[in-house]
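1. the sequence isn't on hand, but the structure is:
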């Protein structure tokens, strides 16, 4: 029974880790630029499709395809930010929502046109499949890989934000754009780089998620709810908040389905509503 | 008045009239879920229809076949009902076909009854659909029809303890009920059952419960597509196969369109279904080749629904010489025998539903690709209803 | 100085405001022309009446969203929840024996209003993103509940078996959709009249105050929270009315009435027509659904792409949608005349 509990817990953590990876870009974008970007899932999808193309067309191994997925999504993010998103920073949240929904539709239609509406297959390298015995428990190898990767990335992000100059610039811009600009920080550049980073992480998450979440052209809409959930509950702009929210949601979702499968689906939505009532600005948020 | 002249004039008029109606295209209105989450289903059905037209020519009984495809954008019965209404009132179609999803078919029933238009269901699989209108017939299958045999097969093959996992929606509950009924009647025992949420991304916790219960097999029914993929991957990841737990169920979970996406996790799954792309007959081999040449993907059971549905349309048109009288059409459809790529089938005259062979198959590798290889069968399976 | 100069684009959280005009409630000639169109359509395009009823119904639904979005500034991604509640209420009444249309409408609207009122307490807290999530969450929970309660609602297969009695005891719902069309048109017109009166009333004006400068409202003694709750309830009531209309005219209710797709499409429709202008919802519904009917028939995949592109273009260059664009043209014309 305890073994089951821990097993379920671990699953929840792995699921939450994946959500965090994809959603962190959205959280930072929302916190930094106050931009509600519902098209975030499309960048994740782009990373996923890039990986599939690399693996099937060019026979690139899975692990090597991951960084490429990151780069492709980051470049796409940088390009779109410069061309389109930049014009809407001062716009209302409604306009941003609509704009990003429009982008999402275009992405879905384009993906359907190029790759067809079906699911994309992915073959994992053998050492990432099956189960591994860890401390007497049987845990999924792929999930261990996921969690490990996300831990590394999170540490990297925290280091980036807390210890580097760029991170300081980001934090300054989040606090007050005007003051930061007044100090000579190129806020536009900070925005572009941050957006690119967030999109890149989403792309990486999308590639990693093919195995767990599946990849088809409707990916952005299907999982958008979950990403928004993480950002709303965690509070925009807070890494810790997004991480906490993703883990809580992941664990409760999984635990709910294990212990009370009849109402499993409700748990995550009800939990979200409850958390938002208690913490309207998110768990760690500063802005609502 | 010269009687002969009148007769000749009358004959000429009649000939002109038949010629005129012969020139009028044979309109077939298809309501499919072309965009939205069920697009891949509609794609297969549409491909099947178009393949039939390509292989048999686009003219039948002197009339050119005009295929009008309307997009219901998903499970939207109000849209489907409107599209069917427009097809019968505005476009004045001779046949209504299509329907990958049950709610769309159900919404259309009162419309086609009132307008008296023969309607061919090409995929929607709930038993009750064809009873909703005397002008509806089905060429695909029903879920109970393909689920009952797996229950009987399992009981006969020493699988006595089964855990059931279905998606929590209409078809899932149907599958669960059918399996339970026939499995327990044949002496089997259901050691546990769970219904998973419809949009469930991760089956981990459910699979853990299954592992805990230690059944000999897990009966599963999930909507075709990513749910099936997610489950099979979880099945493999958690070592259920190593624990000796087999996967059984209706063939939807390993159907040809998703088999590749699931990958090797699917190996060894035993399912029952009415069509496999690996079905060993010349008709099917030709069908699969023609389909793959034209569309570059593998045909699945839904494409066969589209293909055979078009055959019904052509056959009725041929026998009625192009003059589609709805009641006469239904008479022809009742009892019609078809040499389908899946095997021989016929339409039950009493229920207007399809009667066919349901095959027991196992997922194996053939020429390096995954296929459902048939190894046993149940002949002449009627829809057992609910 | 012409009073028609539009104010500078407000920065931050305010959607593009319509051109400044002193509030008045007179019936314009343009409005009479507008309402003549659906009446004429009944006579001139009898083959399209089924599509027509659905345009009218979606139009009413869009107007209900405009009340909270365009007038009060509440961003909602889950307005279909109340539409669905109305639809299922009307559907269940008809399935279980009470097929009288008008009373069915009233009951459905009342229940939708109740649900909206309860939900409004959750919605008025927090900022835009929170509201987005809460409204979305409520719709998702209701959707899941309707699926779970399949023994009542029919779940994914939908609620068939609705038998509608004759409207006013005289008119039977016919297959060509004529009775349904007139029925929908009359309900829409009267509901619209009421709402029009509402938005031009002091209450309606105070809503604009809420949308434009929330923090100042308490300074003039106006409770923001009360107003938001009130308008949300009213919007839910109207959405439920629209949902009930759909159920009654199609005699079928499916799970998608509560779906996210419906809420998202509605947002697009409203923005296309122009928010904050009440007629925007109707125009948006007409343009969107007619375009969809024509274009989706040509190539469904391209439809989604172009709708997305259109949305992007509207937001970037043509904020205020169709009505906003028309207003700008009028302002341009006026300036060139002056």
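-> Okay, I see it. Predicted, not measured: the structure shown is a model, and the values here were computed from it.

2. buried sites along the helix or strand hosting residue C:289?
-> Residue C:289 belongs to helix C:279-298 when assigned by DSSP states H and E. Neighbour counts over helix C:279-298 (16 or more other CB atoms under 10 Å in any protein chain shown) mark C:279-289, C:292-293, C:296 as buried. Every C-beta, even on glycine, is put in place using the N, C-alpha and C of the backbone.

3. closest one to residue B:243 out of the residues you listed, please.
-> Nearest to residue B:243 among the buried residues of helix C:279-298: residue C:296, at 48.8 Å, using CB to CB.

4. roughly how far does the nearest residue to residue B:273 once chain neighbours are set aside sit from residue B:355?
-> Nearest residue to residue B:273 in three dimensions, chain neighbours excluded: residue B:251, at 2.6 Å (CB to CB, 6 or more residues apart in numbering or on different chains). Going from residue B:251 to residue B:355 by CB to CB, to the nearest Å gives 18 Å.

5. higher neighbour count, these two?
-> Taking neighbours as other CB atoms under 10 Å in any protein chain shown, residue B:251 and residue B:355 compare with residue B:251 leading, 28 against 19.

6. from residue C:295, how far off is the more buried one?
-> The spacing between residue B:251 and residue C:295, counted by CB to CB, is 37 Å.

7. show me what from the stretch 1-150 of chain A comes close to chain C.
-> The stretch 1-150 of chain A has residues A:30, A:36, A:84, A:87-88, A:90-95, A:97-99, A:101-110, A:112-113 near chain C, with proximity defined as CB under 8 Å from any CB of the partner chain.

8. alongside chain A, which residues does chain B contribute?
-> Counting by CB under 8 Å from any CB, chain B sits next to chain A at B:36-37, B:39-40, B:43, B:168, B:194-202, B:204-206, B:208-209, B:212, B:225-226, B:229-230, B:233, B:236-239, B:257-258, B:260-263, B:297.

9. would you map the helices across the stretch 151-288 of chain A?
-> For the stretch 151-288 of chain A, helices defined by DSSP state H, counting those that start in this stretch occupy the ranges A:165-175, A:177-182, A:187-213, A:219-234, A:239-259, A:264-278.

10. the shortest one and chain C, are they touching?
-> Spelled out, it's helix A:177-182. No - legend: contact between helix A:177-182 and chain C by CB under 8 Å from any CB is lacking; minimum distance shown is 12.4 Å.

11. from the contact counts, what lies against that helix?
-> helix A:165-175, helix A:187-213 (3 or more CB pairs under 8 Å, 6 or more residues apart in numbering or on different chains; DSSP states H and E).

12. quick one: buried residues of the first one?
-> It stands for helix A:165-175. So, applying 16+ other CB under 10 Å, buried residues of helix A:165-175: A:169-170, A:172-174.

13. go on, the last one?
-> Buried positions in helix A:187-213, judged by neighbour count with 16+ other CB under 10 Å: A:187, A:190-213.

14. around chain B, which positions in the stretch 51-200 of chain A sit nearby?
-> Neighbours of chain B within the stretch 51-200 of chain A, by CB under 8 Å from any CB: A:112, A:116-123, A:129-131, A:138, A:140-143.

15. about what we covered before: make a markdown table from the helices and strands packed on helix A:177-182 and add distance to residue C:82 and mean pLDDT to it.
-> Below are these laid out as a markdown table (distance: least, CB to CB, whole Å; pLDDT from 0 to 100):
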| stretch | distance to residue C:82 | mean pLDDT |
| --- | --- | --- |
| helix A:165-175 | 36 | 82 |
| helix A:187-213 | 31 | 87 |
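
16. list buried residues within the residues of the stretch 1-150 of chain A next to chain C.
-> A:30, A:36, A:88, A:91-95, A:97-99, A:101-110, A:112.

17. near chain B, which residues of chain C show up?
-> Near chain B, when you scan chain C using CB under 8 Å from any CB, you find C:47-48, C:50-51, C:54, C:144, C:147-148, C:150, C:154-158, C:160, C:175-177, C:246, C:250-256, C:261, C:296-297, C:300-301, C:303-304.

18. what subset of those is buried?
-> Neighbour counting over the residues of chain C next to chain B (16+ other CB under 10 Å) leaves C:48, C:50-51, C:54, C:144, C:147-148, C:150, C:154-158, C:160, C:176-177, C:246, C:250-256, C:261, C:296, C:300-301, C:303-304 as the buried ones.

19. keep only those of those that are in strands.
-> Judged by DSSP state E, strands contain none of these.

20. where is the longest helix in chain A?
-> helix A:2-33 (DSSP state H).

21. who are the packing partners of it?
-> Counting by 3+ CB pairs under 8 Å, 6+ apart, helix A:2-33 packs on helix A:40-57, strand A:137-140, helix A:141-163, helix A:165-175, helix A:187-213, helix A:219-234, helix A:239-259, helix B:204-213.

22. can you list these in CSV and add distance to residue C:230?
-> Formatted as CSV, the helices and strands packed on helix A:2-33 follow (distance: least, CB to CB, whole Å):
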stretch, distance to residue C:230
helix A:40-57, 34
strand A:137-140, 52
helix A:141-163, 43
helix A:165-175, 36
helix A:187-213, 39
helix A:219-234, 25
helix A:239-259, 32
helix B:204-213, 43
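
23. lowest average pLDDT across these?
-> With a mean of 74, strand A:137-140 has the lowest mean pLDDT of those.

24. quickly run through the sheet partners of that strand, with directions.
-> If you go by DSSP bridges, strand A:137-140 pairs up with strand A:131-134 (antiparallel).

25. quick one: distance of the partner strand to the chain centre.
-> How far strand A:131-134 lies from its chain's middle: 27 Å, per CA atoms, centre = their mean, to the nearest Å.

26. neighbours of residue 240, just the number please.
-> I'll assume chain A. Residue A:240: 13 surrounding residues under other CB under 10 Å.

27. that's the other chain; I wanted chain C
-> Residue C:240, neighbours per other CB under 10 Å, totals 33.

28. was I right to think it contacts residue C:81?
-> No - counting by CB atoms under 8 Å, residue C:240 stays clear of residue C:81, with 9.6 Å between them.

29. joint contacts of the two?
-> residue C:115 (CB atoms under 8 Å, 6 or more residues apart in numbering or on different chains).

30. quick one: pLDDT of whichever residue of the stretch 51-200 of chain C sits closest to chain A?
-> Closest contact between the stretch 51-200 of chain C and chain A, by CB to the nearest CB, is at residue C:127 (2.6 Å). At residue C:127, the model reports a pLDDT of 76.

31. also the one 5 residues further on?
-> If you check residue C:132, the pLDDT there is 82.
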